[in-house]
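J.: mind looking at a prediction? Sequence and model below.
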Amino acid sequence: MKQRNTDIDWIRAILIILMILIHIVSFGNAYPQLKAGILSFMMPTFLIITGYLVNIEKTGKQMRNYLKCLALPYVIMVTGFSVLSYFMPVRDGITELSLSQICEKIFVTSIGPYWFIQTMIICGALYYFCFHGRNWNDLRKNYTKRDTYASLFVFAVTLLLISETPALSASAAAYYFIGVVIRQSKMEWSKLFRHEFFAIFLWIYLLYRNDWYDWGSLAVVFSCWCCISTLLFLQHLFDTPKRFKDFSPKIEKVARVTNRIKNTLLYIGRNTLPIYLFHPIFTMAAKFYHPLFSWDRSEICFALVTIFIAIAGSIGIAKMMEKTHLAYLFGKGKILR
């Protein structure tokens, strides 16, 4: 079995925590500039990683199973979120409790944070088809770089055509495509993205320029690179005490703590899908206990508690579904990794 890339798990863990943070309404209202800055790089970075991780060297049956395991939870969660939006104030919610409006959310515009799953399904299906479609079988018998370029070209054109519909954002597709290009170029992740201290300063400058927050800006691509390099540098700092733990009992204690924190984050990074699916339940429910934090004008304590509850609750739901075999509603027996 291929060993997991812990660097990617680390990055995904931080990104999913940031995603929960910006979905906490009161925190976003208190820090609109911070929320806008996080939104500028968070999902583009997620899309690059997703495009990179998708493995098209699968059989048709394996790929259909992958897409099914995305489509089933997507349909269930979008349906539930759409019905909920009719009764609660949700942005882009349905205005009429009808099958047509719910189907429109499922198949066209999506709702809430689930547009990302819709993008994964569309881009993943097109990605596999463009590299393994029947019309390309003869072309790929003798696999060469030219065949890869041809398939990438067809994939890019197909994405552009589909992005003319409301079902797919052109900018989201572009970042997914970047991840695919990295994967197909056979570049090693560790060589392309390295822990770099000086990336922090460039990243701060990019985030300072709020006129560069548009996903269509080249600055966002640089911001994604800086995000990955900075997070890898932070991971490197977490690993530092382990190298010196034999020199002092205090350092050894620090090493144990940092290692425990890192392992927790890696576990979160391996299980971003169930957290992504279920966290809206907890961010919406947070408004009911928000008055208990009236003493916290900064909203920071409230946000930290909500993030913890959202992650623990999402993983708890996933474990419950596995034990009761409800996980098969999502197309597989196990949800957690």
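T.: Arrived safely, thanks for sending. Since this is a predicted model, take the numbers as computed values, not measurements.
J.: for L70, which non-adjacent residue is spatially closest?
T.: The shortest distance from L70 to any non-neighbouring residue, by Cβ to Cβ, 6 or more residues apart in numbering, is to I121 (5.1 Å). Bear in mind the C-beta positions are built from the backbone N, C-alpha and C, glycine included.
J.: so the one you found is in which element?
T.: helix 115-132 (DSSP states H and E).
J.: may I have that helix as CSV, with CA atoms only?
T.: What follows is the C-alpha trace of helix 115-132 in CSV, where atoms were taken according to Å, rounded to 0.1, in the frame of the first residue of the first chain:
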residue,chain,number,x,y,z
TRP,A,115,-20.5,23.3,-4.1
PHE,A,116,-17.0,22.0,-3.4
ILE,A,117,-18.3,18.3,-3.5
GLN,A,118,-20.2,19.1,-6.7
THR,A,119,-17.0,20.5,-8.2
MET,A,120,-15.1,17.4,-7.2
ILE,A,121,-17.7,15.2,-8.9
ILE,A,122,-17.9,17.1,-12.1
CYS,A,123,-14.1,17.6,-12.4
GLY,A,124,-13.3,14.1,-11.3
ALA,A,125,-15.7,12.5,-13.9
LEU,A,126,-14.4,14.8,-16.7
TYR,A,127,-10.8,14.1,-15.7
TYR,A,128,-11.2,10.4,-15.9
PHE,A,129,-13.1,10.5,-19.2
CYS,A,130,-10.6,12.8,-20.9
PHE,A,131,-7.8,10.4,-20.0
HIS,A,132,-9.6,7.1,-20.4
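J.: what is that helix packed up against?
T.: Applying 3 or more Cβ pairs under 8 Å, 6 or more residues apart in numbering; DSSP states H and E, we find helix 115-132 packed against helix 32-53, helix 60-87, helix 145-162, helix 170-184, helix 272-289.
J.: looking at those, spot the one closest to I204.
T.: Closest to I204 of the helices and strands packed on helix 115-132 is helix 32-53 (Cβ to Cβ; 10.0 Å).
J.: show me what counts as buried in the one helix or strand T258 maps to.
T.: Taking DSSP H and E as the definition, T258 sits inside helix 249-270. By neighbour count on 16 or more other Cβ atoms under 10 Å, the buried set for helix 249-270 is I251, V254, A255, T258, K262, L265, L266, I268, G269, R270.
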